[in-house]
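*Asks:* need a structure here:
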Amino acid sequence: MLKIYQIFILKFLSLFVGTLFLSSFIIYFAMKSNIIENNKNHLQDVIALIEMDLPSVNNLDAYVAKVKSKTDLRITVVNGDGVVIAESDYDKKDMHNHAARYEILEANNKEYSHTVRYSQTLKVDFLYVVKRITYKENIAYVRVSKSLGKLLKNFYSLLFNLGIAFFIVILIAFYISKAMGKKIVYDLEQVTDYLDEISNKNYKAAVKIKYFKEFLEISIVLKNLAKKLNNKDKQKRKYTAKLRLMNKQRDEILSAISHEFKNPIASIMGYAQTLQQDPKIDLRIRDKFLSKIISNAEKISKMLDRLALSVKLENRDLDIHLVDFDLAVLCEDIATNLLSKYKDRKIHVDVQKCIVNADKTMIELVLINLVDNALKYSQDDVTILLENNTLFVKDNGIGIQEEHIDKVTSKFYRVYKNSWDNSMGIGLAMVDYILKAHNTVLNIASKFGKGSSFSFSVKELLKK
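*Replies:* Reported below is the predicted structural model:
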């Protein structure tokens, strides 16, 4: 199996060599095409000069021989029937009829025709350029040709030199890649050595990356990992202390629940013992005491129900049954029922007809808790207001201090710990759970000594 730096070298060299060969291939055809095009233009210029001289030429053979000596180009003049009437390189008598030659035929359609044809005799490519002219009032063709052998030989020599240069570049690239490979190996060894130190729980070990940013980033991640592992070891030592703290908090919660139950239970026991000790007690007092016993028993039952409900809500074990109902009617009913408990108070309901789709029992519980709290902690009127799809319960009571606002929805949290109101500090916690289950939230705005406003959006509850 290859090592990473060896794979890197092979990939790098493969890409580099492939690029060189592709470049050479493109350069070869581009340069060859460019050489042929330049020579074609040159031969066209020669034909144009010949065409200018021909009207004054009487001896074509001598003329083409002269042009040959000056330009080293092969000159051929063919008449309209394809017969060679002048030739600079060969005996024209031995030459075949040229009427069917491609370049002669093509010259009838274009100003200049050209072709590259391989000579079986000379074993080299020739470039032929032909133009149709008028010589002594007869159609003739002037053909100028040039051997590409020498040009291509120079071209191939250039390619050979380029190949040598490419080979030298490849060698240089190989040594550069090898040097880079050594640097990669060094940084890798630093990382692996550091991992060994971490595995031995030496979290203070050092890692020294010299060359590559990527390995430096890896080392930073490993250092962070070492810190986390070190912190985890510390956390293990703190785990027992945390468990003790959790047990203490649980004991405090149980103590709070026990405290809340003491008053009603003490009342029940007091009234029951009085009745037991005095069997001949007055009937009216007996009935009053029994009524108090029943009332306190109902309080305990409600407290247990509220506690069980809060646990179910917190654990999301309570099913929500969605129904359509009028929020305005529900607010009026709640106000009427609570006024029977607070007979000397007033509740203003300013809620227009609003059909919502929600769990009616749960929303009723929310409103009862909010309005009941407002009545408990204020002496003035309480207002239920629906405005801009938001339902408000407002009072002008004692308010909540700013440091308590974010905590009042916590379970078992009570601002006024010395007063007993049958709430156990879970009323607002239940309200918060229920509203979140309906995709809305409880908002609290309060100023200490001036009153509070509890609200939640009903936009999410509107019937669609």
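
*Asks:* low-scoring pLDDT stretches of the stretch 51-200 of the chain, where are they?
*Replies:* Within the stretch 51-200 of the chain, the ranges that satisfy pLDDT under 70 run 119-122, 150-155.

*Asks:* hey, C-alpha coordinates of the strand ranked longest in the chain in PDB?
*Replies:* Counting residues, the longest strand found in the chain (DSSP state E) is strand 124-135. Presented in PDB, the C-alpha positions along strand 124-135 are these (Å, rounded to 0.1, in the frame of the first residue of the first chain):
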ATOM      1  CA  VAL A 124       8.100  14.100 -48.600                       C
ATOM      2  CA  ASP A 125       5.000  16.300 -48.400                       C
ATOM      3  CA  PHE A 126       4.700  19.100 -51.000                       C
ATOM      4  CA  LEU A 127       2.500  22.200 -50.700                       C
ATOM      5  CA  TYR A 128       0.900  23.100 -54.100                       C
ATOM      6  CA  VAL A 129      -0.700  26.500 -54.800                       C
ATOM      7  CA  VAL A 130      -2.400  27.100 -58.200                       C
ATOM      8  CA  LYS A 131      -4.000  30.100 -59.900                       C
ATOM      9  CA  ARG A 132      -5.900  30.200 -63.100                       C
ATOM     10  CA  ILE A 133      -4.500  33.000 -65.400                       C
ATOM     11  CA  THR A 134      -4.600  34.200 -69.000                       C
ATOM     12  CA  TYR A 135      -1.400  33.900 -70.900                       C
END
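
*Asks:* show me what that strand is packed against.
*Replies:* Under the contact criterion of 3 or more Cβ pairs under 8 Å, 6 or more residues apart in numbering; DSSP states H and E, strand 124-135 touches helix 4-53, helix 102-107, strand 113-119, strand 138-147, helix 149-199. For every residue, glycine as well, the C-beta is placed using N, CA and C.

*Asks:* tell me the most buried of those?
*Replies:* Greatest average neighbour count among the helices and strands packed on strand 124-135 goes to strand 138-147 (a mean of 20), per mean count of other Cβ atoms under 10 Å.

*Asks:* which other helices and strands does that strand contact?
*Replies:* Strand 138-147 packs on helix 4-53, strand 74-79, helix 102-107, strand 124-135, going by 3+ Cβ pairs under 8 Å, 6+ apart.

*Asks:* rewinding a little: run the chain-centre distance for the longest strand of the chain.
*Replies:* A distance of 66 Å separates the centroid of the chain from that of strand 124-135, by Cα atoms, centre = their mean, to the nearest Å.

*Asks:* give me the contacts around it.
*Replies:* 36, 39-40, 43-44, 47-48, 51, 54, 74, 77, 103-104, 106-108, 111-119, 139-149, 152 (Cβ atoms under 8 Å, 6 or more residues apart in numbering).

*Asks:* circling back: right, and the helices and strands packed on strand 138-147 - which one's nearest N337?
*Replies:* helix 4-53 (77.4 Å; Cβ to Cβ).

*Asks:* chain center to the helix or strand following that closest one, what's the gap?
*Replies:* Where DSSP states H and E defines the elements, the next helix or strand beyond helix 4-53 is helix 60-71. Distance of helix 60-71 from its chain centroid, counting by Cα atoms, centre = their mean, is 77 Å.

*Asks:* other SSEs contacting helix 60-71?
*Replies:* helix 4-53, strand 74-79, strand 84-87.

*Asks:* the longest one versus helix 149-199: what angle between them?
*Replies:* The one in question is helix 4-53. Relative orientation of helix 4-53 versus helix 149-199 (axes from the mean of the first three to the mean of the last three Cα atoms, to 10 degrees): 160 degrees.

*Asks:* how far does helix 4-53 sit from its chain's centre?
*Replies:* With Cα atoms, centre = their mean, you get 45 Å for helix 4-53.

*Asks:* just want the angle from it to strand 124-135.
*Replies:* 30 degrees.

*Asks:* before we move on, back to that, any chance of the helices and strands packed on helix 60-71 in JSON lines, with distance to D333 too?
*Replies:* Output for the helices and strands packed on helix 60-71, formatted as JSON lines (distance: least, Cβ to Cβ, whole Å):
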{"stretch": "helix 4-53", "distance to D333": "76"}
{"stretch": "strand 74-79", "distance to D333": "117"}
{"stretch": "strand 84-87", "distance to D333": "122"}
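
*Asks:* which stretch among the ones you listed comes nearest K68?
*Replies:* strand 74-79 (5.9 Å).

*Asks:* how's the chain carved up into domains?
*Replies:* Annotated domains of the chain cover 4-155, 212-318, 320-461 [automatic domain parsing].

*Asks:* what's the spacing between N34 and D381?
*Replies:* With the distance defined as Cβ to Cβ, to the nearest Å, N34 ends up 99 Å from D381.

*Asks:* distance to K376 for the helices and strands packed on strand 138-147 - can I get that in JSON lines?
*Replies:* JSON lines is the format used below for those (distance: least, Cβ to Cβ, whole Å):
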{"stretch": "helix 4-53", "distance to K376": "73"}
{"stretch": "strand 74-79", "distance to K376": "121"}
{"stretch": "helix 102-107", "distance to K376": "111"}
{"stretch": "strand 124-135", "distance to K376": "110"}
